[in-house]
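Visitor: following is a predicted model, sequence given first.
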Amino acid sequence: MPLRRTAGLFAAYRWQLVLVTAIIVASSAASMASPFLLRAVVDTALPERDLHLLALLTGGMLAVALATAVFGIVQSWISTRIGQQVMHRLCSDVFTHLQRQSVGFFTRTRSGEIQSRITNDIGGMQAVVTSTAASIATNLTPAVATVAAMVALSWQVSLISLVVMPPAVMLTRKVAGLRRELTARRQRELADMNVTIEESLSVSGIQLSKTLGTGAALAERFAASSKRLTDLELRSELAGRWRMATMSLVFAAVPAVIYLAAGLPIAGQISIGTVVAFTALQGGLFRPLLGLMSVGISLTSPLALFARIFEYLDLPVEIADPAVPAGVAPARIAGHVRFEQASFTYPGSEVPPVDGVDLDVPAGTTLALVGQTGSGKSTLASLVARLHDPGAGRITIDGVDIRSMALADLAAVVGVVSQETYLLHAT
């Protein structure tokens, strides 16, 4: 499911992706000319001392190199631009959707967790979003073209040199599963660390730590979280290094196998130029094959990040604009507020702070609410601003139920002054 939704992020850029794919195919096709030019140099131009043919062949090699370089620059620019636009849209969508959540969501969710989703998770996805699609095409096309060229040169030797594929795929799948598990654990640890920072270094948090003397305990908690994160980062970085070492060793041994196979009777008559070209192709196959395997690992690991981001995007909006807002002109609102049998209970609480309240506050009057902590004073004010909605009854302003008013109109009518003075810098 995350993979399908991730692909859907690129739906608006399908034609740009088609262009990128076409550029990659053209670049790969052009690069495949080099081995055949090399074979002609070794088998024909050099033995026959044909300087004119040698100049043409070497000039063709330079032209191929120049063309592939230009194609690579254009392809990188387009694919990076697409990826950055997708990231911008994803970040904006997550932020906007979280802005629409009720206060209840933020009281239930640790603020450090929210920050971690937006910064760490989306930041971890950036490399995948900006480069994965291009990397797949960049590595897949040359790999297919290289195999085709190898078969064209000698299908018998091709079969021998491609025996490395099955073990390579098996090793890659094993490493991908390990990377995905480590990524999920690392992001959870990052979220816990952000929570510790938010709870400890905010204004209210630092006041609590100083008055309660919890500074040392919080420092130990942060150090333990940082140590666990360091261990996870180390394991994630080293995961699969043994695969890389194994594959490098195997591919280094393949040229020797090719030389041996070229001397076997089953290979038929193979010219020296063909062997040289074949070895060059086989060496060139190593990079795109490892690239494809690495893409598989890098794509599998961030699926946990995509799942976390999509979890936030799928959050229901508890307090939303009505389907058909009441036609209210904020400038004409007098400000007559009424509570009619309004009741509200916080999630997880058994005692409602507001229970069947009837209250009439005529326009132009002032009302002061006094009472002990937890008696519902702040809750009544928050209900008028629709920070929460009553579970029963209703609240009206000038006879209009506030739930039928557009949120922007209600915000233009109701003003809230918070007692948290440190929030003033955020406006």
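Guide: Thanks, I have the structure now.
Visitor: am I right that residue 360 sits in a strand?
Guide: Yes - checked against DSSP: H, G, I helix; E, B strand; the rest coil, residue 360 lies within a strand.
Visitor: separation between it and residue 17?
Guide: Distance, residue 360 to residue 17, by CB to CB, to the nearest Å: 62 Å. The way it works is simple: take the backbone N, C-alpha and C, and place the C-beta from them, glycine included.
Visitor: higher neighbour count, the two?
Guide: Between residue 360 and residue 17, counted using other CB atoms under 10 Å, the more crowded position is residue 17 (17 against 11).
Visitor: mind giving me the packing neighbours of the helix or strand harbouring that one?
Guide: In this structure, residue 17 sits in helix 14-31 according to DSSP states H and E. The contact analysis (3 or more CB pairs under 8 Å, 6 or more residues apart in numbering; DSSP states H and E) places helix 14-31 against helix 51-99, helix 122-153.
Visitor: deepest-packed of those, please.
Guide: Ranked by mean neighbour count, the helices and strands packed on helix 14-31 are led by helix 122-153 with a mean of 19 (mean count of other CB atoms under 10 Å).
Visitor: now that helix: average pLDDT?
Guide: Here helix 122-153 scores 66 as its mean pLDDT.
Visitor: same deal with stretch 236-252?
Guide: In this model, stretch 236-252 carries a mean pLDDT of 65.
Visitor: repeat that for stretch 353-363.
Guide: Stretch 353-363 comes out at a mean pLDDT of 88.
Visitor: partner strands of the helix or strand harbouring residue 356 and their direction?
Guide: Assigned by DSSP H and E, residue 356 falls within strand 354-361. Take DSSP bridges as the rule and strand 354-361 pairs in its sheet with strand 337-344 (antiparallel).
Visitor: identify each buried residue in the partner strand, please.
Guide: Neighbour counts using 16 or more other CB atoms under 10 Å place 337-340, 342-344 of strand 337-344 among the buried residues.
Visitor: from those, pick the one nearest residue 117.
Guide: Of all the buried residues of strand 337-344, residue 344 has the smallest distance to residue 117: 28.3 Å, by CB to CB.
Visitor: chain neighbours aside, what residue packs nearest to that closest one?
Guide: residue 354 (4.5 Å; CB to CB, 6 or more residues apart in numbering).
Visitor: list the contacts for that neighbour?
Guide: By CB atoms under 8 Å, 6 or more residues apart in numbering, the contact list for residue 354 reads 342-344, 376, 379-380, 383, 390.
Visitor: residue ranges of the strands in the stretch 301-427 of the chain, please?
Guide: Ranges of strands in the stretch 301-427 of the chain, per DSSP state E, counting those that start in this stretch, are 337-344, 354-361, 392-397, 400-401.
Visitor: and those strands: which comes nearest residue 412?
Guide: Per CB to CB, nearest to residue 412 of these: strand 392-397, 11.4 Å.
Visitor: residue 403 and residue 386 touch, don't they?
Guide: Yes - between residue 403 and residue 386 a contact is recorded at 7.4 Å, counting by CB atoms under 8 Å.
Visitor: which element is residue 235 on?
Guide: Per DSSP H and E: helix 215-238 holds residue 235.
Visitor: so who does residue 355 touch?
Guide: So residue 355 contacts residue 343 (CB under 8 Å, 6+ apart).
Visitor: and what of the one 3 residues further on?
Guide: With contact set as CB under 8 Å, 6+ apart, residue 358 has these partners: 339-342.
Visitor: which one of those is nearest to residue 99?
Guide: Of all those, residue 99 sits closest to residue 342, with 25.7 Å by CB to CB.
Visitor: how many neighbouring residues does the closest residue to that closest one other than its chain neighbours have?
Guide: Spatial nearest neighbour of residue 342, chain neighbours left out: residue 393 (3.8 Å); criterion: CB to CB, 6+ apart. Residues lying near residue 393 (other CB under 10 Å) number 17.
Visitor: also residue 322?
Guide: When neighbours are counted by other CB under 10 Å, residue 322 comes out with 12.
Visitor: can you check residue 49 too?
Guide: 8.
Visitor: OK, contacts around it?
Guide: Residue 49 neighbours (CB under 8 Å, 6+ apart): none.
Visitor: name the SS class of it, please.
Guide: Assigned by three-state DSSP, the conformation of residue 49 is coil.
Visitor: begin at 59 from here
Guide: Got it, the first residue is 59 from now on, which makes the last one we talked about residue 107.
Visitor: phi and psi next, for it.
Guide: phi 50, psi 40 (degrees, to the nearest 10).
Visitor: got the confidence number for it?
Guide: 81.
Visitor: next: residue 450.
Guide: Reported pLDDT for residue 450: 90.
Visitor: next one: the one 3 residues further on
Guide: For residue 453, the pLDDT comes out at 90.
Visitor: and if you look at residue 318?
Guide: Residue 318 is given a pLDDT of 69.
Visitor: check which element follows the helix holding residue 75 along the chain.
Guide: Per DSSP H and E, the helix or strand that comes after helix 72-89 is helix 91-98.
Visitor: same for that next one, what does it pack against?
Guide: By 3+ CB pairs under 8 Å, 6+ apart, helix 91-98 packs against helix 109-157, helix 180-211, helix 330-358.
Visitor: ranges for the helices of the stretch 359-485 of the chain?
Guide: 361-371, 435-442, 465-471 (DSSP state H, counting those that start in this stretch).
Visitor: what sits against the residue nearest to residue 400?
Guide: 397-401, 414-415.
Visitor: turn those residues into JSON lines, including distance to residue 281.
Guide: Converted to JSON lines, those look like this (distance: CB to CB, whole Å):
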{"residue": "397", "distance to residue 281": "50"}
{"residue": "398", "distance to residue 281": "54"}
{"residue": "399", "distance to residue 281": "53"}
{"residue": "400", "distance to residue 281": "48"}
{"residue": "401", "distance to residue 281": "46"}
{"residue": "414", "distance to residue 281": "51"}
{"residue": "415", "distance to residue 281": "48"}
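Visitor: picking that back up, any chance of the helices of the stretch 359-485 of the chain in JSON lines, with distance to residue 388 and mean neighbour count too?
Guide: Below are these laid out as JSON lines (distance: least, CB to CB, whole Å; neighbours: other CB atoms under 10 Å):
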{"stretch": "helix 361-371", "distance to residue 388": "31", "mean neighbour count": "19"}
{"stretch": "helix 435-442", "distance to residue 388": "15", "mean neighbour count": "18"}
{"stretch": "helix 465-471", "distance to residue 388": "4", "mean neighbour count": "17"}
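Visitor: this completes my enquiry, with thanks.
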